[in-house]
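Q: fold the following.
(one chain, ligands or ions: 2)
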Amino acid sequence: MQSLKLFDTLSGEKKEFTPLSAPEVTMYNCGPTVYNYLHIGNLRTFVTNDILRRTLEWNKYKVKQVMNITDVDDKTIRGAQAEKESLADFTKKYEGFFLEDIKALNIEMPWNMPHATEYITQIISLIEKLIASGAGYKTDDGIYFDVTKAKNYGALSRLEKRTETKSRIAKDEYDKENPSDFALWKFHKEEDGDVKWPASFGEGRPGWHIECSAMSQALLGDTIDIHTGGIDLIFPHHTNEIAQSETATGKHPFVRYWLHGAFLNVAEGKMAKSAGNFIRLRDLKEKGIHPLSYRYWLLRAHYRTPVTFSWEVLQGAQTGFENVVRKIADLKSKSNSAGSVIPNFFHFDEIINDDLDTPLGLGILHGLLVNESYTPADRVATALSMDKIFGLNLSELSEEIVKIPKEILALNEQREIARKEKDWKKSDELRAEIEKLGYKVLDGAKETTIERNLSSLV
Ligand code: AMP
Ligand code: ZN
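A: Ligands and ions are numbered 1, 2, ... in the order given. Take a look at the predicted model:
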């Protein structure tokens, strides 16, 4: 099989992937900040991580995948106060909603999901190391990282003004125009309430960037194979992680392959929790869009291409996805024995291994489903094998979509009677009722067929 190639942000190139100690691959995904519901843009990034993990497994690697939960930072503290809850109760609530979304999108659970608040000891000792090395220094409000002490600061984000700065920033998020010394630890302030931990250098709480450096080191070691996030994390978050981790361990590189996913936008621009213009998975469900139709829509674009959300495109994707599911159900009904997987059908393996080309991969799936030179059974077996990458739950959905519940059949029988009696008003009302419940009513010359829509499986 042709080797796996991944686009690495640091080198700016598609590189052949070889892990440090095959068959194991260590991967760290920056996880959600649990201060609100996730929006479907955030979820795009998590679907990309999942496709990457599935592709690594397809290549027979054993993936040690870590995805953190950011449960203490500026935003979670402010949010807990606004909702008058303890930080722990507040973040647990949103973490629960996040886990529901992950499940609905058929995202495989990572090997480990550490919470920042469980790694305070490791965070403190990492900061102590940075202070001892001369890169960490104390001010009135916290411990800061001196970016002039990091080798090649800003290489990941291609910063122009690399090490001339002497400004300082306490906030976790800031823009690239102002590379600054950033906060490793923020001393306790009244506005942080009871969120504080004792430390040799003073009571307080961690900055966001140090959390990921500490958790990835604690769980995966000093050098890891892959680190991912959305493109907005390149600066400052990942830039600062590199500075912290490499300065503390003296080892370069901290990460061997950096992968960043493009954004999901709305017509007006960026979808962001902070901008308040966001759509959640539950909003899609309310409008009858199945979460896996959303996943299917995402896979139709390459992960490094920005996508623009609209209800129309999503509805169109759901129709396309429904056709795939129905076609598989139809092929299953025509199979009288178990089929065999057609190996590397139309170079599917190379295509997916070419930096996760899911749009082309889906094209191959479509071609397979209608390719009559193979038996229905072999086509089904091959499609379900490809679904190990796509994660569209094709096996189960193709079973579900042909199940018509008794109540619907009963309504249809009533409609047949109304039609025989030429009671068109009643027959139309019954059709509308069946359709409202998520089914199509297809009147044929002899009989009526009922088809289930994906919207009824939401
Ligand atoms: P957050 O919960 O804000 O820390 O974000 C979680 C993940 O979602 C990060 O990897 C972000 O880079 C990513 N992200 C944020 N907004 C978007 C968006 N509009 N499209 C795609 N990914 C996003
Ligand atoms: Zn992170």
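Q: what's the neighbour count on the closest residue to ligand 2 within the stretch 301-450 of the chain?
A: Closest contact between the stretch 301-450 of the chain and ligand 2, by Cβ to the ion, is at residue 303 (18.0 Å). Glycine gets a C-beta too; all of them are placed from N, C-alpha and C. Residue 303: 25 surrounding residues under other Cβ atoms under 10 Å.
Q: I'd assumed residue 357 was in contact with it.
A: No - with contacts counted by Cβ atoms under 8 Å, residue 303 stays clear of residue 357, the gap being 9.4 Å.
Q: what parts of the chain come near ligand 2?
A: 30, 212 (Cβ under 5 Å from the ion).
Q: low-confidence stretches in the chain?
A: 1-2, 161-166, 178 (pLDDT under 70).
Q: which bits of it sit near ligand 1?
A: Residues of the chain lying close to ligand 1 (Cβ under 6 Å from any ligand atom) are 30, 32-33, 41-42, 44-45, 229-230, 232-233, 263-264, 270-272.
Q: can I have the buried ones of those as a ChimeraX selection?
A: Buried members of those, defined by 16 or more other Cβ atoms under 10 Å, are picked up in ChimeraX with:
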select :30,32,33,41,42,44,45,229,230,232,233,263,264,271,272
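Q: among the residues of the chain next to ligand 1, name the ones in strands.
A: 229-230, 264, 270 (DSSP state E).
Q: residue of the stretch 1-150 of the chain closest to ligand 2, please.
A: Checked against ligand 2 (Cβ to the ion), the nearest residue in the stretch 1-150 of the chain is residue 30, 3.2 Å away.
Q: pretty sure that residue contacts residue 229?
A: Yes - the criterion here is Cβ under 8 Å, and residue 30 meets it with residue 229 at 4.0 Å.
Q: overlap of the contact sets of the two?
A: Common contacts of residue 30 and residue 229 (Cβ atoms under 8 Å, 6 or more residues apart in numbering): 237-238.
Q: thinking again about what came up before, closest to residue 407 among the ones in strands among the residues of the chain next to ligand 1?
A: Nearest to residue 407 among these: residue 264, at 37.1 Å, using Cβ to Cβ.
Q: hey, what's that closest one bridged with?
A: residue 307 (DSSP bridges).
Q: OK, contacts around it?
A: 40-41, 44, 271, 298, 306-309.
Q: cool, and residue 146?
A: With Cβ under 8 Å, 6+ apart, residue 146 has these contacts: 134-137, 181.
Q: highest neighbour count among those?
A: That'd be residue 136 among those, by other Cβ under 10 Å, with 25 neighbours.
Q: pretty sure that residue sits against residue 184.
A: Yes - the pair residue 136 / residue 184 is scored as a contact, 5.8 Å apart, by Cβ under 8 Å.
Q: what do the two both touch?
A: 127, 130, 143-145.
Q: still on that earlier bit, how about the contacts made by the residue of the stretch 301-450 of the chain closest to ligand 2?
A: Counted by Cβ under 8 Å, 6+ apart, residue 303 has contacts 48, 51, 261-262, 356, 358.
Q: give me the distance from the longest helix seen in the chain to the chain's centre.
A: Longest helix in the chain, counting residues (DSSP state H): helix 311-333. Mean-position distance between helix 311-333 and its chain equals 22 Å (Cα atoms, centre = their mean, to the nearest Å).
Q: stretch 105-119 too?
A: For stretch 105-119, the distance to the chain centre is 12 Å (Cα atoms, centre = their mean).
Q: what about that stretch, start to end distance?
A: This stretch, stretch 105-119, spans 28 Å end to end (Cα to Cα, to the nearest Å).
Q: likewise stretch 434-451?
A: First-to-last distance for stretch 434-451 - Cα to Cα - comes to 10 Å.
Q: now that stretch: buried residues?
A: Buried, per 16+ other Cβ under 10 Å, within stretch 434-451: 434, 439, 441, 448, 450.
Q: what number of residues lie near residue 225?
A: 23.
Q: for it, helix, strand, or coil?
A: At residue 225 the chain is in strand, as set by DSSP: H, G, I helix; E, B strand; the rest coil.
Q: shouldn't it be in contact with residue 27?
A: Yes - under the criterion of Cβ under 8 Å, residue 225 lies in contact with residue 27, with a separation of 6.3 Å.
Q: how far away is residue 426 from residue 432?
A: Counting by Cβ to Cβ, to the nearest Å, the gap from residue 426 to residue 432 is 11 Å.
Q: what does residue 192 give?
A: 56 Å.
Q: so between those two, which is more surrounded?
A: When neighbours are counted by other Cβ under 10 Å, residue 192 and residue 432 differ, and residue 192 comes out ahead with 18 against 11.
Q: OK, contacts around the residue lying closest to that one once chain neighbours are set aside?
A: Nearest residue to residue 192, sequence neighbours excluded (Cβ to Cβ, 6 or more residues apart in numbering): residue 77, at 5.8 Å. Neighbouring residues of residue 77 by Cβ under 8 Å, 6+ apart: 87, 192-193, 195, 205.
Q: show me the contacts for residue 74.
A: Per Cβ under 8 Å, 6+ apart, neighbours of residue 74: 171-172, 208.
Q: and those residues, which of them are in helices?
A: Reading helices off those with DSSP H, I get residue 208.
Q: which stretches of the stretch 101-250 of the chain form strands?
A: 136-138, 142-145, 168-169, 181-187, 204-206, 224-230 (DSSP state E, counting those that start in this stretch).
Q: present those as CSV; the columns should include distance to residue 417.
A: Below are those laid out as CSV (distance: least, Cβ to Cβ, whole Å):
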stretch, distance to residue 417
strand 136-138, 80
strand 142-145, 76
strand 168-169, 73
strand 181-187, 72
strand 204-206, 69
strand 224-230, 56
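Q: out of those strands, nearest to residue 406?
A: strand 224-230 (45.4 Å).
Q: so which of the shared contacts of residue 136 and residue 184 wins on neighbours?
A: residue 145 (28 neighbours).
Q: give the full set of residues in contact with the residue of the stretch 201-350 of the chain found nearest ligand 1.
A: Relative to ligand 1, the nearest point of the stretch 201-350 of the chain is residue 230 (2.2 Å; Cβ to the nearest ligand atom). The contact partners of residue 230, by Cβ under 8 Å, 6+ apart, come to 41-42, 44-45, 260-263.
Q: change it to 7 Å
A: 45, 260-261, 263 (Cβ atoms under 7 Å, 6 or more residues apart in numbering).
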